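J.: Take a look and give me a structure for this.
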Amino acid sequence: MVCGGYVCTKNALCVLNILYILVSLLLVGVAAWGKWFDLVSSIRVVAGVIGVGVFLFLVAIVGLCGALKHHQVLLFFYMMVLFIVFVGQFSVSCTCLALNKDQQKLLLEVGWNKSEATQRDVEKTLGCCGFSFVPINGSCAASCFDSHPEMCVTCSTTILQYAGEVLRFVGGIGLFFSFTEILGVWLAHRFRNIKDPRSNPGAFL
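T.: Numbers count the residues shown, from 1 in each chain. All right, here's what the predicted structure looks like:
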């Protein structure tokens, strides 16, 4: 059987979905590990990461079952969902790569103001206080605030030093996986239109 036939396309689709299952389990595991060791106190962040992992796991299971059974409905549903995910992920990845410094700061400030738990996590991890100014009369989770609050730096200064690199990394990873998703759509479409050589030659696919 030459590559590009029924067996080769089926195996490629199965391998791709097994990769997605492993990635989804990794996402859930990392989120649970971060919460267990109190590295992330924000329930929303943990729930969001776990939600993405579970969604990816379910989509991969549908694709794997569709590939193993050559099930037309499952393959069609898998193909449509994966294409929608591709469009969203490709757009977000391109946005991450195109943001300038001012846009990065504005986006980070919006995210900062949405969750006090995330603020504490960032302050504790990076050793900074506040976003645009150090709250001398307020509270801060950084160790420097207890001894010398005037020596603390703002979190925007610290974050923006690495924001560009992080966004480029996230955008690059997102682009890579978006192309694997469009590969999955192509493989699913191709596989749906290949007749199973073990079936009745006169049967309609």
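J.: okay, CA-based contacts and neighbour counts for the rest of this
T.: Noted.
J.: just the helices in this protein please.
T.: Defined through DSSP state H, the helices belonging to the chain, from first to last, are 6-36, 43-69, 72-98, 101-114, 116-126, 143-147, 155-192.
J.: what's the closest of those to Ile136?
T.: Counting by CA to CA, Ile136 lies closest to helix 143-147 out of the helices of the chain; the figure is 8.4 Å.
J.: outside of that closest one, which residues touch it?
T.: 124, 127-129, 151-152 (CA atoms under 8 Å, 6 or more residues apart in numbering).
J.: repeat that with 6 Å
T.: Taking contacts as CA atoms under 6 Å, 6 or more residues apart in numbering, the residues outside helix 143-147 that touch it are Cys152.
J.: and what of stretch 76-86?
T.: The list of residues contacting stretch 76-86 from outside it, by CA under 6 Å, 6+ apart, reads 63, 178, 181, 185.
J.: can you redo the helices of the chain as CSV with distance to Phe133 and mean pLDDT?
T.: Rendered in CSV, the data for the helices of the chain read as follows (distance: least, CA to CA, whole Å; pLDDT from 0 to 100):
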stretch, distance to Phe133, mean pLDDT
helix 6-36, 28, 86
helix 43-69, 24, 86
helix 72-98, 26, 90
helix 101-114, 12, 80
helix 116-126, 13, 78
helix 143-147, 13, 76
helix 155-192, 8, 85
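J.: State the distance from Trp33 to Leu25.
T.: Plainly put, Trp33 is 12 Å away from Leu25 if you go by CA to CA, to the nearest Å.
J.: Next, format the helices of the chain as CSV and append distance to Val134.
T.: Below are the helices of the chain laid out as CSV (distance: least, CA to CA, whole Å):
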stretch, distance to Val134
helix 6-36, 27
helix 43-69, 24
helix 72-98, 28
helix 101-114, 14
helix 116-126, 11
helix 143-147, 9
helix 155-192, 9
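J.: how about a markdown table for those, with mean neighbour count added?
T.: Formatted as a markdown table, the helices of the chain follow (neighbours: other CA atoms under 10 Å):
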| stretch | mean neighbour count |
| --- | --- |
| helix 6-36 | 18 |
| helix 43-69 | 18 |
| helix 72-98 | 18 |
| helix 101-114 | 13 |
| helix 116-126 | 18 |
| helix 143-147 | 15 |
| helix 155-192 | 18 |
